[in-house]
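Chemist: Compute the structure for the input listed below.
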Amino acid sequence: MGLQNKNITDKDKIYFLPLGGTGEIGMNFNMYCYKNEWLIVDCGVTFKDEAAIGSEVFMPNIEFITKHNLKISGMLITHAHEDHIGAVHHLWPYLKCPIYLTPFSAYLLKQRLIDQGLYDKVQINIVEKESKFSIGNFKIELFNISHSILEPNSVLIKMGDKKIFHTGDWKIDDNPNIGSYTDSKKFIDIGKRGIDAIVCDSTNANVKGFSGSENSIEKELSGHIKKSNNRIFITMFASNVERILTIINLAKKQGRKVGLIGRSMWRMTDAATKVGYLEENTNLISEKNLREVSDDKFLAICTGSQGEPLGALNRLASDNHAYINLKSSDKIIFSSRKIPGNEISINNLMNKLIYKGVEIITPVNNDIHVSGHPAQEELKLMYSWIKPKISIPVHGEAIHINAHSNIAIKSGVTKVLKIKNGFLVDITKEGRVIEEVDNGKVALNGYELIPVESIFFKERKRMLYNGVVNVNILITKTGDLLELPRIKFLAILNDVENGLLQNFSQFIEELLHPYIPINLAKENQIKSFLTKKIKKYLENNFNKRPSIILDIIYIEE
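Modeler: Okay, the predicted model is just below:
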């Protein structure tokens, strides 16, 4: 792959390019090109990739940008979910572009940049909701939309006479507790302007009906709180400040005191308070002080709904919390859905909780969670409002994009493009895929970013499943063996007898005899020869193919 099409430098061309979030859920990273300038919309992470064992955070591989030295006018963040903002502080040093975002997202990003020592280097432009501004050659207009976090934005991007409507993450909610309701008139007016293409959320395109309003779960949550005289723990996504506020208000009406468990809960509520969405006097109780609250007055909102090992609920279930221990009389309410890929970790968490004897309430048979993404009827309404000429479904796996495409076609869209990450789309006229450019994922490994498909992770996987053999060969000044090769087996056999190591060491010694005297000139040849022989020996004798670390050490004494 690579940039083959020479028309990319044509100033009259307009392109769309997703490097993340299309063909998958998470890691959103979209690009628009106009007059040889590029606009990035969102810069997120994802948390699952079995190919990169030992890493938990992944983000788009942006080699396409750096290799071709693309001119980046700026980066626009639609909202502050991790899959839209979580990679900014990791990738900005390679992009070095201005960032545009609304106050709530800006506050959260600021903390990340301070932690990384980048805050003084990054040009942050805080823009108001429903505002108009320019980023280089791109004319931007923001529109409030409903979602499961504060200040989600849809974006109208004008490039010359072309208008692209980028929905971001959205849903229809006519009566939210915080934030903007879905104003159909506003979107109808956008459609009347003549929209050339819509780039639209596909997450729930295979779900029938409507996603539902945040207000719709209030009654059932209230009932579960009212029915209990014991401690209540509600686990949910920390970013859903609207639901946190709903729970706080319900708890106060029933005389309960509310505490938060988990750092991200405190981080989100702090940001919401600083920006003005939560009152200063919500009187949220610290984890330490929660233990002083009587059972019938106790309500804790905690992280860990996805079974994260370090999430608050997993720590509670594992008796690993500094201040609070679960009791069999406790009630645990899961006000969240199972994100695809997290089923095993969530089930493992629930198994722990069941062994504790606690009562578990889930959304399976209880109306205690609604999605932040549009279901089929909402997508149909959006298409009836916007009336785009071209539909480009994003933010979903192939199954979601296919379902979304069918809805767009039935809604009368003349051109629907089913694409994936790396597909360069010419949207100058009718809309067509030109080519697939370099794309992929990089994994965060400590402080470095490593491509998921690199030999590094293949070797790590081999070590995990087959172990490691370490062979040290000590050579004298005359090129002779100082002693038998030193052998160490790591995670290959459960019980390694000394006799086995002795035999293996003698086997290597015999292989070395033809090469004595050994010197630097022969070293590469010897290592290559020994590695092949050792691999064959281990596979024949132990049915294992471990990683081999072979060192020839010259002793000067």
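Chemist: Number of residues surrounding the residue nearest to N325 when sequence neighbours are not counted?
Modeler: Leaving aside its sequence neighbours, N325 sits nearest to D319 (CB to CB, 6 or more residues apart in numbering; 6.2 Å). Bear in mind the C-beta positions are built from the backbone N, C-alpha and C, glycine included. Neighbourhood size, D319 [other CB atoms under 10 Å]: 11.
Chemist: In three-state terms, label D319 for me.
Modeler: Three-state assignment for D319 (DSSP: H, G, I helix; E, B strand; the rest coil): coil.
Chemist: okay but it is in contact with K352, surely?
Modeler: No - checked against CB atoms under 8 Å, the pair D319 and K352 is beyond contact range at 9.5 Å.
Chemist: For the residue nearest to N325, give me phi and psi.
Modeler: phi 60, psi 40 (degrees, to the nearest 10).
Chemist: Quick one: neighbours of E539, just the number.
Modeler: E539: 13 neighbours (other CB under 10 Å).
Chemist: For it, give its distance to V469.
Modeler: Per CB to CB, to the nearest Å, E539 is found 12 Å from V469.
Chemist: got it, and I409?
Modeler: Distance from I409 to V469, by CB to CB: 57 Å.
Chemist: Between these two, which is the more surrounded one?
Modeler: Each of I409 and V469 has its neighbours counted (other CB under 10 Å); V469 has more, 22 against 14.
Chemist: what comes up buried for the strand or helix carrying the more buried one?
Modeler: Using DSSP states H and E, V469 sits in strand 468-475. The neighbour-count check on strand 468-475 (16 or more other CB atoms under 10 Å) flags V468, V469, V471, I473, L474, I475 as buried.
Chemist: same question, stretch 269-287
Modeler: Applying 16+ other CB under 10 Å to stretch 269-287 flags T269, D270, A271, A272, T273, V275, Y277, L278, T282, L284, I285, E287 as buried.
Chemist: Mind putting the residues you listed into TSV with pLDDT?
Modeler: Shown next, in TSV, are the buried residues of stretch 269-287 (pLDDT from 0 to 100):
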residue	pLDDT
T269	96
D270	95
A271	96
A272	95
T273	95
V275	95
Y277	92
L278	91
T282	83
L284	95
I285	96
E287	95
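Chemist: so where's the chain uncertain?
Modeler: Residue ranges of the chain with pLDDT under 70: 1-9, 557.
Chemist: pretty sure I225 is touching I301, no?
Modeler: No - between I225 and I301 there is no contact under CB under 8 Å: 11.8 Å.
Chemist: More neighbours: which of those two?
Modeler: A direct count of neighbours by other CB under 10 Å for I225 and I301 places I301 higher, at 26 against 19.
Chemist: Can you tell me the element that one falls in?
Modeler: According to DSSP H and E, I301 maps onto strand 298-302.
Chemist: Please identify the pairing partners of that strand and their relative orientation?
Modeler: Sheet pairing of strand 298-302 (DSSP bridges) gives strand 232-235 (parallel), strand 257-261 (parallel).
Chemist: Not counting it itself, show me its contacts.
Modeler: 225, 230-236, 244, 247, 251, 256-262, 265, 290, 311-313, 316, 324 (CB atoms under 8 Å, 6 or more residues apart in numbering).
Chemist: Walking through the stretch 251-400 of the chain, point out its strands one by one.
Modeler: For the stretch 251-400 of the chain, the strands defined by DSSP state E, counting those that start in this stretch cover 257-261, 298-302, 331-334, 359-361, 390-394.
Chemist: among the strands paired with strand 298-302, which is nearest I450?
Modeler: Proximity to I450 (CB to CB) singles out strand 232-235 among those, at 32.5 Å.
Chemist: Can you give the contact residues for that closest one?
Modeler: Under the criterion CB under 8 Å, 6+ apart, residues 221, 224-225, 247, 256, 261, 298-305, 312-313, 316, 330-336 lie in contact with strand 232-235.
Chemist: for stretch 331-348, same thing?
Modeler: Residues contacting stretch 331-348 (CB under 8 Å, 6+ apart): 25, 48, 217, 221, 224, 228, 230-237, 243, 247, 305-309, 313, 353, 358-363, 368-369, 371, 397.
Chemist: and those residues, which are buried?
Modeler: The neighbour-count test (16+ other CB under 10 Å) marks 25, 217, 221, 224, 228, 231-237, 243, 247, 305-308, 313, 353, 358-359, 361-363, 368-369, 371, 397 as buried among those.
Chemist: Nearest residue to W385 in space, ignoring adjacent ones along the chain?
Modeler: Take W385 and drop its neighbours on the chain: the residue closest to it by CB to CB, 6+ apart is F187, 4.0 Å away.
Chemist: element containing that neighbour, please.
Modeler: Per DSSP H and E: helix 184-192 holds F187.
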